[in-house]
Structure formats: structure tokens, C-alpha cells
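Peer 1: here is a sequence with its predicted model. Questions after.
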Amino acid sequence: MEISKVGVLGCGLMGHGITQICAQAGWDVVVRELDSEKLDGGDAVRGRIQPTLDYADLTDCDLVIEAITEDLGLKLEMWKEVDGIVKEGATFATNTSSLAVIDQAASTSRPDRFCGMHFFNPAQVMPLLEVVQTVTTSDETLEVAFGVGKRLGKTTVHAKDKTGFIVNRLLVPYMLDAIRAYEEGVGTVDQIDAAMKAGANHPMGPFTLLDFVGLDTTKSIADIMFDEYRERRFAAPPTRKSGKGFYDYSGEEPVPTELGL
Ligand SMILES: NC(=O)c1ccc[n+]([C@@H]2O[C@H](COP(=O)([O-])OP(=O)(O)OC[C@H]3O[C@@H](n4cnc5c(N)ncnc54)[C@H](O)[C@@H]3O)[C@@H](O)[C@H]2O)c1
């Protein structure tokens with residue numbers, strides 16, 4: 001199906017970026033939120049973006065991407081509304097980081113037209129799009145999702161519906177191992193970051209990355225992955241709740257807090 005109008009659910013960290021790149025790609029976009037505060041943010045390509053509080057405005061979307069709060073109950077409630085309103089033949093996608101895509105797909109009347117479209121933060125900058133196929137996702141739906149990735153200029157990679165997909169499955173244990181290495185005294189926060197930048201040619205070290213993703217977000221993803229796989233590599237190290245990241249960004253240069261999780 002040719003896409004001309006995209007619906008985005010949620011205008012938070014991810015949803016606003018997905019809205020912006022879809023409008024920049026030339027599509028009309030309806031973005032639905034719970035209250036108008038988040039919708040007033042504004043974008044350069046605003047002309048193509050229709051902010052709304054009303055599900056009914058999504059009716060004629062060809063593609064609907066959800067980026068609402070990472071809570072299965074809330075997502076299922078939302079799909080119940082959206083499934084009953086959006087035209088037949090439209091494709092549905094979830095941007096979930098850690099929930100099983102099939103649970104959302106199976107709650108709709110069109111599990112064949114449902115896939116994961118996992119963007120990375122910030123969606124305007126990060127080149128990857130993971131397209132997640134469940135056991136019910138049709139080839140036609142995959143084709144639509146890959147077409148969208150191409151139009152958005154993303155590197156689009158196919159992944160199966162296994163918790164963490166590709167990137168988080170590999171990245172989360174790496175970040176957790178960095179914390180364990182620090183706790184075991186292998187190196188300080190800035191030494192470990194410097195080592196991984198210079199030794200593995202990573203653009204940022206694991207602690208900078210942890211701060212970037214957010215420690216609470218990383219912990220909740222790790223907990224879900226641990227529940228699924230029951231392996232130590234996904235177990236979040238005991239947390240020292242400091243309310244701070246690994247670096248303090250208040251000055252000109254980030255300074256390690258040495259407190260972390
Ligand atoms: N933060 C990341 O780095 C990241 C990366 C990739 C994927 N994700 C996924 O994207 C999704 C959103 O994450 P986020 O970080 O943008 O969260 P966020 O909390 O910044 O945004 C979620 C937004 O959804 C809104 N919302 C809740 N219920 C709604 C509904 N029924 N209709 C419309 N809006 C609703 C909330 O008001 C909130 O503004 C999650 O599934 C998350 O796993 C997050």
C-alpha cells in the first residue's frame with residue numbers, strides 16, 4: 001500500500017522525533033497525545049503535522065506507529081481504540097524496546113498487518129531502524145516497513161520478535177558489564193570510557209552511553225530481559241540510587257560522579 005498519511009501515538013522522547021522525520025520525509029502526520037502541552041513543542045515541518053488529542057483523527061492513516069509509555073496494559077488499551085477506528089488495510093507498528101511485539105499484534109484484528117518498528121534515540125539522528133517480524137507478520141507488512149525505512153533514509157535491519165531484538169540484546173549486557181567492571185575496581189568511570197573509545201573505536205564509552213539512554217530506562221529494559229532469559233548477563237547490578245548519572249553535566253565538561261547507579 002502506498003503511504004500518504006502516518007499516525008503517531010505519543011509525542012514524548014521518541015514520538016516527537018518519529019513525527020518529525022515522517023513529516024520531513026513528505027508524509028502528512030497526525031500525532032496523538034493525552035494533553036496539549038506535549039503537542040505544542042513545534043517543528044520546522046509543522047505544516048504537515050496535525051497534533052490531536054482525539055483518536056478519531058487517525059481514521060485515514062495508512063501507517064500507525066505507536067510510541068506511548070512502555071506499559072503493555074496502556075498499549076493494549078490504546079490499540080483497542082485505534083484498531084476500531086483506523087481504516088482497513090492500514091499497517092500498525094510498535095516502537096517498543098522490550099515488550100514482545102506479538103502481544104500487541106494479537107490484541108488487534110489485523111495481526112498480519114502488525115510489526116515492530118524500533119527507532120533509536122534520537123530518531124532524527126540515529127540511522128538504525130529494526131523491523132521486527134512476529135509469527136503473524138505478513139511479507140507485505142514487512143515490505144511496507146522496509147519501504148518506510150528506506151524513505152526515512154534509515155539503515156533498516158530485520159529482526160525476529162525475541163526480547164531486546166538485536167541491538168539491546170547485545171548492548172544491554174555490555175553496559176551492565178561495564179558497571180560490574182567499575183564495581184570490581186577494574187577501572188574508573190572515565191578510564192573505562194576512554195579505553196572503550198580508543199580501544200574498540202566506539203564513539204562514546206559505556207558510562208556516557210548509559211547516561212544517554214537513562215539509568216532507569218536501562219534498568220527496566222534489563223529487568224524485562226532478565227525475566228525472559230534468566231541469565232546473569234541481563235541482571236542489573238545492585239543499584240545505589242543516587243538520582244545522578246555517571247557524569248555531572250552541569251559544568252563545561254562532563255565530570256565523573258563516581259556514584260552512578
Ligand atoms: N527512550 C528511548 O531511548 C527509546 C528508544 C527506542 C524505543 N523506545 C520506546 O518508545 C516508546 C516511548 O518511549 P519514550 O522514551 O518516548 O517515552 P516518553 O515517556 O518520553 O513518551 C511517551 C508519551 O506517550 C504519551 N501517551 C501515553 N499514553 C498515550 C496514549 N494512549 N495516546 C497518546 N499518547 C500517549 C505520554 O503522555 C508520553 O508523552 C516506548 O515503547 C519505549 O520502549 C524508547
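Peer 2: In hand now; what should we look at?
Peer 1: in the stretch 51-200 of the chain, which spans are strands?
Peer 2: 63-66, 91-94, 114-119, 128-133, 155-160 (DSSP state E, counting those that start in this stretch).
Peer 1: TSV please, covering the ones you listed and showing distance to the ligand, mean pLDDT and mean neighbour count.
Peer 2: Any C-beta I mention is one placed from the backbone N, CA and C, and that applies to glycine too. Below are the strands of the stretch 51-200 of the chain laid out as TSV (distance: least, CB to the nearest ligand atom, whole Å; pLDDT from 0 to 100; neighbours: other CB atoms under 10 Å):
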stretch	distance to the ligand	mean pLDDT	mean neighbour count
strand 63-66	7	98	25
strand 91-94	7	98	27
strand 114-119	6	98	26
strand 128-133	9	98	22
strand 155-160	13	98	15
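Peer 1: include distance to Pro238 when you put the ones you listed into JSON lines, please.
Peer 2: Converted to JSON lines, those look like this (distance: least, CB to CB, whole Å):
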{"stretch": "strand 63-66", "distance to Pro238": "33"}
{"stretch": "strand 91-94", "distance to Pro238": "31"}
{"stretch": "strand 114-119", "distance to Pro238": "29"}
{"stretch": "strand 128-133", "distance to Pro238": "30"}
{"stretch": "strand 155-160", "distance to Pro238": "31"}
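Peer 1: so which of these gets nearest Gly7?
Peer 2: Taking CB to CB, strand 63-66 is the member of those nearest to Gly7, at 4.0 Å.
Peer 1: mind checking the backbone torsions on the residue in the stretch 101-250 of the chain positioned nearest to the ligand?
Peer 2: Nearest residue of the stretch 101-250 of the chain to the ligand: Asn121, at 3.3 Å (CB to the nearest ligand atom). Asn121 adopts backbone torsions of phi -90, psi 130, taken as degrees, to the nearest 10.
Peer 1: before we move on, what about the one 4 residues further on?
Peer 2: Geometry field for Val125 lists phi and psi as phi -110, psi -40, criterion degrees, to the nearest 10.
Peer 1: contacts (any at all) between the ligand and the longest helix that the chain contains?
Peer 2: For the chain, the helix reaching the highest residue count under DSSP state H is reported as helix 167-183. No - applying CB under 6 Å from any ligand atom, one finds helix 167-183 out of contact with the ligand, separated by at least 8.7 Å.
Peer 1: buried sites along that helix?
Peer 2: Buried positions in helix 167-183, judged by neighbour count with 16 or more other CB atoms under 10 Å: 167-169, 171-173, 175-176, 178-179, 182.
Peer 1: now for it, which elements pack on it?
Peer 2: helix 189-200, helix 206-213, helix 215-229 (3 or more CB pairs under 8 Å, 6 or more residues apart in numbering; DSSP states H and E).
Peer 1: restrict stretch 216-227 to CA atoms and write it as PDB.
Peer 2: Provided in PDB are the C-alpha atoms of stretch 216-227 (Å, rounded to 0.1, in the frame of the first residue of the first chain):
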ATOM      1  CA  ASP A 216      16.100   4.000  34.900                       C
ATOM      2  CA  THR A 217      15.300   3.100  31.300                       C
ATOM      3  CA  THR A 218      18.300   0.700  31.100                       C
ATOM      4  CA  LYS A 219      17.300  -0.900  34.400                       C
ATOM      5  CA  SER A 220      13.700  -1.500  33.200                       C
ATOM      6  CA  ILE A 221      14.900  -3.000  29.900                       C
ATOM      7  CA  ALA A 222      17.400  -5.200  31.700                       C
ATOM      8  CA  ASP A 223      14.800  -6.400  34.200                       C
ATOM      9  CA  ILE A 224      12.500  -7.400  31.300                       C
ATOM     10  CA  MET A 225      15.300  -9.200  29.500                       C
ATOM     11  CA  PHE A 226      16.400 -10.900  32.700                       C
ATOM     12  CA  ASP A 227      12.800 -12.200  33.200                       C
END
